[in-house]
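Student: Structure for this input, please:
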Amino acid sequence: MIVSPCISICKSDPVTGFCYGCARNSKEKLNWKDKNTTNEWKSQNLLVIKSRMRGWQLESFKKSYIYKCENGISLEKKRKIDLND
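Tutor: Now for the predicted structure:
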């Protein structure tokens, strides 16, 4: 199973339509939720969305995505949980 690239920073740029957190567009987000979407497509899409990012956005995404793959939640969700403790 390939983990969704959503890192819980869900705001889209009004010009490009890409999410500030994961750099996906609306169609890509829907494809990730579709049970018929293949792992091949998801792997390719991860490469595509990373190619849209630069600098701090790419580094932040990489750190949060790795954390999410290892722990089941994004760093943003962890931060919110920690704030409530």
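
Student: Please name the residues that touch Arg52.
Tutor: Phe18, Ala23 (C-beta atoms under 8 Å, 6 or more residues apart in numbering). Where C-beta positions appear, they are placed from N, C-alpha and C, glycine not excepted.

Student: What of Gly21?
Tutor: Here Gly21 is in contact with Cys6, Ile7, Ser8, Ile9, Cys10, Lys11, Phe61, Ser64, Glu76 (C-beta under 8 Å, 6+ apart).

Student: Which helix in this protein has the most residues?
Tutor: helix 55-71 (DSSP state H).

Student: so what does that one touch, helix or strand wise?
Tutor: Contact partners of helix 55-71 among helices and strands, from 3 or more C-beta pairs under 8 Å, 6 or more residues apart in numbering; DSSP states H and E: helix 39-52, helix 75-84.

Student: Run the chain-centre distance for it.
Tutor: 8 Å (C-alpha atoms, centre = their mean, to the nearest Å).

Student: Could you measure from Gln44 over to Ser51?
Tutor: As judged by C-beta to C-beta, to the nearest Å, Gln44 and Ser51 stand 11 Å apart.

Student: What of Ile81?
Tutor: Counting by C-beta to C-beta - Ile81 and Ser51 are separated by 31 Å.

Student: circling back: in a markdown table: the helices and strands packed on helix 55-71, plus mean pLDDT.
Tutor: Below are the helices and strands packed on helix 55-71 laid out as a markdown table (pLDDT from 0 to 100):
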| stretch | mean pLDDT |
| --- | --- |
| helix 39-52 | 98 |
| helix 75-84 | 92 |
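
Student: among these, which is nearest Phe18?
Tutor: helix 39-52 (6.1 Å; C-beta to C-beta).

Student: how distant is that closest one from the center of its chain?
Tutor: For helix 39-52, the distance to the chain centre is 10 Å (C-alpha atoms, centre = their mean).

Student: Quick one: work out the angle between it and helix 55-71.
Tutor: When axes from the mean of the first three to the mean of the last three C-alpha atoms, to 10 degrees is applied, the directions of helix 39-52 and helix 55-71 differ by 150 degrees.

Student: Next, the buried residues of helix 39-52.
Tutor: Under the neighbour-count criterion of 16 or more other C-beta atoms under 10 Å, helix 39-52 has Lys42, Asn45, Leu46, Ile49, Arg52 buried.
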